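# Take this sequence and fold it.
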Amino acid sequence: MGIVKLILTALQSIRLNWLRALLTLLGIVIGVGSVIVMTALGRGAQQEVQKSVSAMGDNMIMVNSGARNFGGVNMGAGTSKPLDAEDYNFLRDNLKNMLYIAPVVRAPGQIVGGVGNWFSQSQGVGEQFAEIRSWTMASGAFFSSREVAARSPVVVLGATVAQQLFPDRDPIGEKIRVGRLSCTVVGVLEAKGSSPFGGDQDDVVYVPWTTAQARMTGNRDIMQILVSSPDEASMPDLQEEITTLLRRLHRLEGNAPDDFQMRTQTEIMNMRTEMTRTFTTLLASVAAISLLVGGIGIMNMMLVAVTERTREIGLRIALGARPKDIRAQFLAESVVICTIGGLLGTAMGIGLSMGISKLMGFPSSVDTNMMLIAVAFAAFVGVFFGLYPAVRASKLDPIEALRYG
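Next comes the predicted model:
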């Protein structure tokens, strides 16, 4: 019996018992649909992480002070001797492979001005900070090297802060107070949205780092030094150069551990992507259990079908059908049911993922390869769970089968 004829015969048998077949393949539909939804949402989340990390800037290296050990316990990054202006100036003057460099210092304080007040992440940064972080200006301009050198009381607002304090007008030229320092707004940043860690990247206020140290905190410590390379390929060389220069400046000899730490966007993105991938795999594995349940339902239905069609099987064998023909017939019915369930489940999964993305705002991205794998796995479930009933049908004694019922 040819494949086409087998499929047509299987479809005819399914049509005669369409309600039972429909109820049986629901498990396959739900299983495949759930897998598609989970992987689509997980893939969308991974793409969102990559997009958010890219928005932080291109080819950026973050240099932080190292970790301090206390009683054998690592206290984490930033707990050892902090970086300072000497570190920044030494790197700025000696790095050969860098494109931009900027220090970042803490400048906490309530923001007051416009229509009220707002508590935001206020930081002191260098004039090249905007280039490193790929910030574009909505209005005004970022402060210049001259304003940094002069410790000018100027400020650049993130989109969220600008909207909160000046919802009805352009804040350029307006006076606000950052902590206890009165500053003039010289620029407003374009909105970027959420960060890879879920925070609002636009809820920020930037002042010159020299202004923050001299007129706000009185502290010479630098929280972080950001360095960017011309391209991704040169980042390893730039990291090695930073390590060599800082070890020389800090007089670290031999096997002494680094008293600073470096992290790149790639490391952050890989960490977040791996977490998302693990979570997605877990959810998809749970959803795949529905396929197992659906497969058991297929086996149960096919065993019932063998019992109900015992006389038919005996008649076919008596008319010359070989055992392999009987096996092929019942196996084809099982595979066709599961394949139909896989196709319906794929359609349901695509629809649900699009609906969830639209209604709840979750990012989703349907993977074509996953769709094909899901349908192929559904067909495999049909083969696996339909094989035993098919073999059982092929081993029926024709004489006993004709007497049945």
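
# Which residue ranges make up the domains of this structure?
Following automatic domain parsing, one gets these domains for the chain: 3-52+272-403, 82-258.

# how about TSV for these, with mean neighbour count, distance to residue 264 and mean pLDDT added?
For the C-beta atoms, the positions are set from N, CA and C on the backbone; glycine is no exception. As requested, the domains of the chain are exported to TSV (neighbours: other Cβ atoms under 10 Å; distance: least, Cβ to Cβ, whole Å; pLDDT from 0 to 100):
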stretch	mean neighbour count	distance to residue 264	mean pLDDT
domain 3-52+272-403	18	13	77
domain 82-258	18	6	90
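
# Residue 60 is nearest to which of the ones you listed?
domain 82-258 (5.1 Å; Cβ to Cβ).

# End to end on the closest one, go ahead and measure it.
13 Å (Cα to Cα, to the nearest Å).

# Tell me which residues touch the residue lying closest to residue 375 once chain neighbours are set aside, please.
Distances taken as Cβ to Cβ, 6 or more residues apart in numbering put residue 342 closest to residue 375, at 4.0 Å, once the chain neighbours are dropped. With contacts defined as Cβ atoms under 8 Å, 6 or more residues apart in numbering, the neighbours of residue 342 are 28, 32, 374, 375, 376, 377, 378, 379.

# Let me know the closest of the residues you listed to residue 334.
Closest to residue 334, out of all of the contacts of residue 342 and judged by Cβ to Cβ, is residue 379, at 9.5 Å.

# In CSV, list the domains of the chain along with distance to residue 59.
Converted to CSV, those look like this (distance: least, Cβ to Cβ, whole Å):
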stretch, distance to residue 59
domain 3-52+272-403, 15
domain 82-258, 5
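
# sorry, back to before: in CSV, list the contacts of residue 342 along with secondary structure and distance to residue 88.
Below are the contacts of residue 342 laid out as CSV (DSSP: H, G, I helix; E, B strand; the rest coil; distance: Cβ to Cβ, whole Å):
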residue, secondary structure, distance to residue 88
28, helix, 61
32, helix, 56
374, helix, 53
375, helix, 57
376, helix, 56
377, helix, 55
378, helix, 59
379, helix, 62
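
# Which one of the residues you listed is nearest to residue 106?
Of those, the one sitting nearest to residue 106 (Cβ to Cβ) turns out to be residue 374, at 49.7 Å.

# so residue 193 makes contact with residue 199?
No - contact between residue 193 and residue 199 fails when scored by Cβ atoms under 8 Å: they sit 10.3 Å apart.

# Now residue 313: which helix or strand?
Using DSSP states H and E, residue 313 falls within helix 310-318.

# just checking, next helix/strand downstream of that helix?
Downstream of helix 310-318, the next assigned helix or strand under DSSP H and E is helix 323-360.

# quick check: angle from that following helix to helix 310-318?
Here the directions of helix 323-360 and helix 310-318 differ by 130 degrees (axes from the mean of the first three to the mean of the last three Cα atoms, to 10 degrees).

# quick one: residue 349 from residue 337, how far?
According to Cβ to Cβ, to the nearest Å, residue 349 and residue 337 sit 18 Å apart.

# and residue 137, what is it in contact with?
130, 187, 188, 189, 190.

# Could I get the phi/psi values of the residue lying closest to the second one once chain neighbours are set aside?
Yep, that's residue 187 we're talking about. The shortest distance from residue 187 to any non-neighbouring residue, by Cβ to Cβ, 6+ apart, is to residue 140 (3.5 Å). Per-residue torsions, residue 140: phi 70, psi -150 (degrees, to the nearest 10).

# for residue 140, what are its contacts?
156, 172, 185, 186, 187, 188.

# hmm, who's touching the lengthiest strand in the chain?
Assignment by DSSP state E gives strand 181-189 as the longest strand of the chain. By Cβ under 8 Å, 6+ apart, the list of residues contacting strand 181-189 from outside reads 109, 130, 135-143, 147, 153-159, 162, 170-177, 202, 204, 207, 211, 215-216.

# and residue 61, helix, strand or coil?
Applying DSSP: H, G, I helix; E, B strand; the rest coil to residue 61 yields a three-state assignment of strand.

# Residue 81 too?
Residue 81 ends up coil, using three-state DSSP.

# returning to what we had before: which of the contacts of strand 181-189 fall within strands?
137-140, 154-157, 175-177, 204, 207.

# If we only consider these, which is nearest to residue 235?
So of those, ranked by how close each gets to residue 235 (Cβ to Cβ), first place is residue 204, at 25.1 Å.

# my guess is the closest one meets residue 120, correct?
Yes - shown here, residue 204 and residue 120 form a contact pair, counting by Cβ under 8 Å, at 6.3 Å.

# so where do the helices sit in the stretch 51-200 of the chain?
Ranges of helices in the stretch 51-200 of the chain, per DSSP state H, counting those that start in this stretch, are 85-94, 129-132, 145-149, 159-165.

# CA atoms of the third one as PDB?
Output of helix 145-149 as PDB, limited to C-alpha atoms (Å, rounded to 0.1, in the frame of the first residue of the first chain):
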ATOM      1  CA  SER A 145      35.600  69.400  28.200                       C
ATOM      2  CA  ARG A 146      35.900  73.100  29.000                       C
ATOM      3  CA  GLU A 147      32.900  72.900  31.400                       C
ATOM      4  CA  VAL A 148      34.400  69.800  33.000                       C
ATOM      5  CA  ALA A 149      37.800  71.500  33.500                       C
END
